Every structure is written in C-alpha cells, then in structure tokens.
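Novice: Quick one, fold the following:
(one chain, ligands or ions: 2)
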Amino acid sequence: MAPSATLPEPEPEYIVVHGGKGTIRRAILHGANQKPTFSTIPQVDFSQMSSSSLKERKAIAEQVGSAFRNSGFLYAVNHGISRDLQDRLTRVIQEFFALDEEEKMKIHVNKSETVKGYEALLETKLDDKTRGDYKEAFAKGDDPYDEEQNAPPGLDMSRYPKNGNQWPASPEFRKVFYEYNAAVQAFSKKLLRIVALALDLDEGFFDHMSDFPMASLRAVHYPPQETSADVGIGAHADFSWFTLVNQLTDTPGLEVLNHNGHWVAAPPIPNTLVVNVGDFLEMASNGVFVSTIHRVINKTGKERLSIPYFFSPSADVMIETFPTCITEEKKAMVPIRAGDWQRERLLRARYKHPSTIAARARGEI
Ligand SMILES: O=C(O)CCC(=O)C(=O)O
Ligand SMILES: [Fe+2]
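Specialist: Residues are numbered from 1 along each chain as shown. Ligands and ions are numbered 1, 2, ... in the order given. Predicted structure coming up:
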C-alpha cells in the first residue's frame, strides 16, 4: 500500500453559524459532491410593481418567488428611490461617522431601551470565532415619539419606551434619514403585496400586518480590516420579513452562503437595493422562502458604507404558517408574537446591553 493511503483522511470542512435559529453546520462541498445551488444573485426590475395590470404584477412576483426560493437574495432594479436622495443620505452618513468618538458616544445604544443610536467598532459579535464585528453603526427604529414617524392614530403609546431613538446634533442628518426611511418603507409595503402574490396568497394578505412595522434603518461603516481574521459582520441570517440593503459606496464585501458552503459575492451595483429574505418569511412559509446566511468582509483596504433596512411585521402580529405553505409533511408552526420573538433576537445579539442583562435577570431570555 502506498504510504499516503495510511494518512488520516482530511477533516471535512464546515462552516458553523450561530444564528438565532441555533447553530448551523454547513459542509463545504467540492467536485462531484456538490449540489445544485446558486452562484450568482439575480436582478429583478420593479418599475411595474404598481402597474394596474395584474399580469404585470404577477410577472414580477414570479421572479421574486424564484429568487426567494433559490437563494433568498435578489437585486432590486428601478426601485424608484431617487439618486439625489441616496446621494444626500451618503453625505450625511459620511459626516456622522467622521465625528469624534466622544461626540458619537453621546448617543450610544446603551442609553436606549430599544438599542437605537450609535454602536462602536467591535461591539457586536455575530461569529464567536472573531474578536467582534469590525464595524460601527447608527440605528433608528420606528419610534412613535418622533413626530416625523406619523404613528397611526389610536396606537397605544404607553407600550413604547420613551428612550428609544436618539439623534446626532445635525438637523440635516435626521431630516434626510427620515426622508429615506419613508422611501424604503413605501417600497417595502409594495413589495409585501408582490410577496403575497408569489406565495399564492391574497394580494392584500399582509396589509394589516404592517400598520406600524417594527422596522429599523441602520447605517453601517466598515473600515478596512486590520487583520485577515477580521469580519465586518459575522455570518448570520436577518430577523425581518425581508431586508433592503443599499450599498452606498462602490466597495464590495457582502457575501451570501450557498448550499455547497461557498460564499457568493453580492457586490455593489449602482442604484440597486439588495433584497434578502428574513426569518419571519422563512418561518411562516415553512421554509419555502429561505432566510439565507450572509456576512460582510472588507478586504479591499477602502472604507465601506451600507444601510440595511430591516422590515418586519407590527409587534402584535401573530406569526403563523401561511395557509398556502401547509402540507402533509410540513405542518403549521406554533404561532409566535412577532414583537416578543424579535426583541429576544435583538437582545441575544447584544450580550452586554443593559436591556439584555435585565431581561436575563428576569429569566426572559
Ligand atoms: O452591510 C451589508 O451589506 C449587509 C449588512 C447585514 O447583513 C446586516 O446588517 O444584517
Ligand atoms: Fe444581514
């Protein structure tokens, strides 16, 4: 026997992800072992998403359904958000991250019960093997105490903490952030109608579920990595119906995990939004739509800026399996209250936040 035959087999390689769905081990497959899976992210044109023709809306739904079943990701082309607004947004975000750390820390997320405001470099850690996520961020939530929010009349304000959103001093920043928030929210509500068609549901199925959505808009700055072991944001899946990521600079870094355990690049394409399925859609569709694992690694030596918008149901909505996704083999899930599930996930990802420590002491998480 040749000596090499007695050498131990190389260990199989796995990608291990600690997401909210528990620990996922994905084997990295090569050669003939590979399964059919995606290697690119498709582009879908949304210019006719509000067309008066059901046929045209259904044609878009078909492409969305195919992308959401296959990779859970797509690029939205012709989303209708103006170039001018995106440019102004990029400028105010660049100005914000250029402020002194001391100034940014005045609105640190630890001062907000809902974890909104500024989060510094390495504060979150989505991948245990890393020293933390090499990014800084500013997040706003849907907060009825902000007058720009236009909270629906009759909303029970007492259920929302008063120390939610926090804003930097620049009035321009807040104005532009809200203007963009309104634009992505409007697109998201229309996209939900397309998603309903893609799942063979009534087109208005989701309408009442997003009266006051638990959405969060988060500007993120990924400086060039310091070491090859760093990640911008560790591998994870999103807790949302879906997420719209606007890659504001031409710096690549977003990667999506396919079924063979290979990372597929989702580089910036000017004037598009990356749309990805989140856990609420995956759960309620019984896995028909996939909430795919992704990460950001900035190996370019350049600054990277992006702004994900996480669009979720209203807090009181009960998440149940969509009627069109229940089969003999795949039964209906036990319903969960969207707000409880989302809050638990948010806090678990921030082990040092005072709200996490308090929730743990109460035995809630
Ligand atoms: O920055 C990006 O491109 C994506 C960020 C992301 O996946 C997240 O914040 O959940
Ligand atoms: Fe994400």
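Novice: what about the helices in this structure?
Specialist: Counting by DSSP state H, the chain has these helices, from start to end: 54-70, 83-97, 101-105, 171-198, 279-284, 338-348, 354-361.
Novice: Pick the most buried one from the ones you listed.
Specialist: Among these, helix 279-284 has the highest mean neighbour count (mean count of other C-beta atoms under 10 Å), at a mean of 22. C-beta here means a position set from N, CA and C on the backbone, and glycine is covered the same way.
Novice: Could I get the average pLDDT for it?
Specialist: In this model, helix 279-284 has a mean pLDDT of 96.
Novice: So is that helix next to ligand 1?
Specialist: No. With C-beta under 6 Å from any ligand atom as the criterion, ligand 1 is not reached by helix 279-284; the gap is at least 11.5 Å.
Novice: Now do that helix: which elements does it pack against?
Specialist: Secondary-structure packing of helix 279-284 (3 or more C-beta pairs under 8 Å, 6 or more residues apart in numbering; DSSP states H and E): strand 318-319.
Novice: How many neighbouring residues does the closest residue to ligand 1 within the stretch 201-350 of the chain have?
Specialist: In the stretch 201-350 of the chain, the residue that lies nearest ligand 1 is residue 306 (3.5 Å; C-beta to the nearest ligand atom). Counted with other C-beta atoms under 10 Å, residues neighbouring residue 306 total 25.
Novice: That one is in contact with residue 220, isn't it?
Specialist: Yes. Judged on C-beta atoms under 8 Å, residue 306 makes contact with residue 220 at a distance of 5.3 Å.
Novice: quick one, strands of the stretch 201-350 of the chain?
Specialist: Per DSSP state E, counting those that start in this stretch, the stretch 201-350 of the chain carries strands over the ranges 216-222, 233-236, 242-247, 254-257, 263-265, 273-277, 294-296, 304-311, 318-319, 336-337.
Novice: looking at those strands, which is closest to residue 130?
Specialist: Across these, residue 130 has its closest neighbour in strand 233-236 (5.7 Å, C-beta to C-beta).
Novice: ok, is that closest one in contact with ligand 1 or not?
Specialist: Yes. Using C-beta under 6 Å from any ligand atom, strand 233-236 reaches ligand 1 at residue 233.
Novice: What is that strand packed up against?
Specialist: If contacts are counted by 3+ C-beta pairs under 8 Å, 6+ apart, strand 233-236 sits against strand 14-19, strand 294-296.
Novice: residue ranges with poor pLDDT in this protein?
Specialist: Within the chain, the stretches with pLDDT under 70 are 1-12, 18-22, 351.
Novice: Kindly report the residues of it close to ligand 1.
Specialist: Residues of the chain lying near ligand 1 by C-beta under 6 Å from any ligand atom: 220, 233, 238, 245, 247, 254, 294, 296, 306, 308.
Novice: need the contact list for the last one.
Specialist: Residues touching residue 308, when contacts are defined by C-beta atoms under 8 Å, 6 or more residues apart in numbering, comprise 217, 218, 220, 238, 243, 244, 245, 246.
Novice: which two in those are spaced the farthest apart?
Specialist: It's 238 and 246 that sit farthest apart of those, by C-beta to C-beta, at 14.7 Å.
Novice: the more surrounded of those two?
Specialist: Counted by other C-beta under 10 Å, residue 238 and residue 246 do not tie: residue 238 has more neighbours, with 27 against 24.
Novice: Hmm, the more buried one is touching residue 291, no?
Specialist: Yes. With contact defined as C-beta under 8 Å, residue 238 counts as touching residue 291 (6.6 Å).
Novice: Need the overlap of contacts for those two.
Specialist: With C-beta under 8 Å, 6+ apart, residue 238 and residue 291 have common neighbours 276, 278, 279.
Novice: Let's have these in a markdown table, adding distance to residue 125.
Specialist: Output for the shared contacts of residue 238 and residue 291, formatted as a markdown table (distance: C-beta to C-beta, whole Å):
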| residue | distance to residue 125 |
| --- | --- |
| 276 | 21 |
| 278 | 20 |
| 279 | 19 |
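Novice: just those now: which is nearest residue 195?
Specialist: Closest approach between the shared contacts of residue 238 and residue 291 and residue 195, by C-beta to C-beta: residue 278, at 11.4 Å.
Novice: ok, the closest residue to the closest one other than its chain neighbours - contacts?
Specialist: Distance criterion C-beta to C-beta, 6 or more residues apart in numbering; nearest residue to residue 278, sequence neighbours excluded, is residue 240 at 3.3 Å. Residues near residue 240 by C-beta under 8 Å, 6+ apart: 215, 278, 279, 280, 310, 311, 312.
Novice: switch the cut-off to 6 Å
Specialist: Contacts of residue 240 were listed using C-beta atoms under 6 Å, 6 or more residues apart in numbering, and they are 278, 310, 311, 312.
Novice: I'd assumed residue 42 was in contact with residue 74.
Specialist: Yes. Using C-beta atoms under 6 Å, residue 74 makes contact with residue 42 at a distance of 5.4 Å.
Novice: anything in contact with each of these two?
Specialist: residue 67.
Novice: Looking at the two now, which is surrounded by more residues?
Specialist: Comparing residue 74 with residue 42 by other C-beta under 10 Å, the one with more neighbours is residue 74, at 25 against 14.
Novice: how far away is the residue nearest to that one when sequence neighbours are not counted from ligand 1?
Specialist: Of all residues not flanking residue 74 in the chain, residue 67 sits nearest, at 3.9 Å (C-beta to C-beta, 6+ apart). Residue 67 is 17 Å from ligand 1, where distance means C-beta to the nearest ligand atom, to the nearest Å.
Novice: Fine by me, thanks again.
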